[in-house]
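Asks: Build the 3D model from these lines:
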Amino acid sequence: MDVASEVGSVARSLAGEINKASKWYIALGVLLMVAGVVMLLYPLYSGVALTWIVGCLLVLVGALYALNSFMASSAGGFLFRILLAAVHIAAGVWMLTQPLEGLTALTVLLGITLALSGILKILFARALIGVPGVGMVVFSGLASIVLAVLIFLKLPVASEVAVGVLIGIDFISSGCSLTWVAVQAKRITGAVATAA
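Replies: Numbering: from 1, shown residues only. Modelled structure (predicted):
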């Protein structure tokens, strides 16, 4: 077997594997886009669902801290681990029993994150002065700050839609990018398989 035919065989095999994997990426991309659209259509329900998920995770982490405290009680710091467990469980139970207030707390956290992210992007852009495209970094930073200001000006009403809408938009953009990459991979592997 000569080198050219061996390379062709490997290329066809690799192209087949990428082609199979790209079908899963397309399915995941479409699923993310559908979930994103649903979140945009029902942002309050999406936000409350997210609050429930965060609440369940906090309770789980608290339970794990408590379990760790008793399983490794001789390791020191027992009281601190029990206090950590209590704080996590209390926060989780509060979010589960008061989902709208929990959603407001998540929205405030989102606003703070957007504001800090915007400031850091602008500072980062200052370090990139002279680099092509730095204006987009500044624009992105200003957009994040504007979104944060809008969230804080519209609280608590913003908490009803902000989290669901922003996560919905993220799901749609993630789904679009996954689907685009998978379609391009299928196109390229198809060309490789026929050429090899």
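
Asks: Roughly how far does residue 146 sit from residue 114?
Replies: 9 Å (C-beta to C-beta, to the nearest Å). Quick note: C-beta positions are derived from backbone N, CA and C, even for glycine.

Asks: which one of these two has more residues nearby?
Replies: Higher neighbour count among residue 146 and residue 114: residue 114, with 22 against 13, using other C-beta atoms under 10 Å.

Asks: Was I right to think that one contacts residue 145?
Replies: Yes: the criterion here is C-beta atoms under 8 Å, and residue 114 meets it with residue 145 at 7.3 Å.

Asks: Now find how far off-centre the strand or helix carrying residue 122 is within its chain.
Replies: Assigned by DSSP states H and E, residue 122 belongs to helix 99-127. Distance of helix 99-127 from the chain centroid (C-alpha atoms, centre = their mean, to the nearest Å) equals 14 Å.

Asks: Please spell out which residues along that helix are buried.
Replies: 99, 102-108, 110-111, 114-115, 117-118, 121-122, 125 (16 or more other C-beta atoms under 10 Å).

Asks: Need the contact partners of stretch 97-111.
Replies: Here stretch 97-111 makes contact (C-beta atoms under 8 Å, 6 or more residues apart in numbering) with 47-48, 50-52, 54-55, 94-96, 147-148, 151-152, 155-156, 158-160, 162-163, 166.

Asks: swap in stretch 65-82?
Replies: Against stretch 65-82 from outside (C-beta under 8 Å, 6+ apart): 84-85, 88-89.

Asks: List the ones among those that fall in helices.
Replies: Of the contacts of stretch 65-82, the ones assigned to helices by DSSP state H are 84-85, 88-89.

Asks: What is the subsequent helix or strand relative to whichever strand or helix holds residue 36?
Replies: Secondary structure assignment for residue 36, by DSSP H and E: helix 3-41. For helix 3-41, the following helix or strand on the C-terminal side (DSSP H and E) is helix 43-71.

Asks: Good, wrapping up.
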